[in-house]
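Trainee: Kindly generate the corresponding structure for this input.
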Amino acid sequence: MPNTPPAELHFAAQWIMDEYPACTEGLSFLRQLSEDAPRLYAIAERYGFCDPPDEELRVHPLWHAFLDHFANCSDCNEV
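Mentor: Sure, this is the predicted structure:
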């Protein structure tokens with residue numbers, strides 16, 4: 001990840017490269033969510049970023065941005 005800001009490198013370091021839940025752009029949405037709403041991010045993470053039951057998370061704009069990106073990104077669909 002050349003020219004990647006340190007905060008993004010630290011965030012991405014929590015996964016083994018083959019286990020990223022999304023592409024670089026998708027991870028950017030998740031990183032923003034982790035900073036903006038750490039409790040909601042933890043819920044999403046607990047459910048493997050797949051259909052978490054928390055209503056507050058379901059209406060969060062960064063979660064929606066991640067879902068929209070993930071659904072339409074061929075790189076994310078390969079992950």
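Trainee: which residues touch the residue nearest the centre of the chain?
Mentor: Closest residue to the average C-alpha location of the chain: Leu30 at 2.7 Å, with CA atoms, centre = their mean. Residues near Leu30 by CB atoms under 8 Å, 6 or more residues apart in numbering: 11, 21-22, 41, 44, 49, 66. All C-beta spots, glycine's among them, are computed from the backbone N, C-alpha and C.
Trainee: next one: Ala65
Mentor: By CB under 8 Å, 6+ apart, the neighbours of Ala65 are Phe29.
Trainee: can you tell me the helix or strand for it?
Mentor: Here Ala65, judged by DSSP states H and E, is contained in helix 61-72.
Trainee: tell me which residues in that helix are buried?
Mentor: Burial within helix 61-72, assessed by neighbour count using 16 or more other CB atoms under 10 Å, is assigned to 62-63, 65-66, 69-70.
Trainee: C-terminal to the lowest-mean-pLDDT helix or strand in the chain, what's the next element?
Mentor: Least confident helix or strand, the chain: helix 6-12 with a mean of 54, by mean pLDDT, DSSP states H and E. Per DSSP H and E, helix 6-12 leads on to helix 24-36 as the next helix or strand towards the C-terminus.
Trainee: so that next one versus helix 61-72, what angle?
Mentor: Following axes from the mean of the first three to the mean of the last three CA atoms, to 10 degrees, one obtains 160 degrees for the angle between helix 24-36 and helix 61-72.
Trainee: Please identify the buried residues of helix 24-36?
Mentor: By 16+ other CB under 10 Å, the buried positions in helix 24-36 come out as 26-34.
Trainee: If we only consider those residues, which is nearest to Leu57?
Mentor: Here the nearest of the buried residues of helix 24-36 to Leu57, counting by CB to CB, is Leu33; it sits at 8.6 Å.
Trainee: That closest one contacts Phe66, doesn't it?
Mentor: Yes: counting by CB atoms under 8 Å, Leu33 does reach Phe66; the two are 6.8 Å apart.
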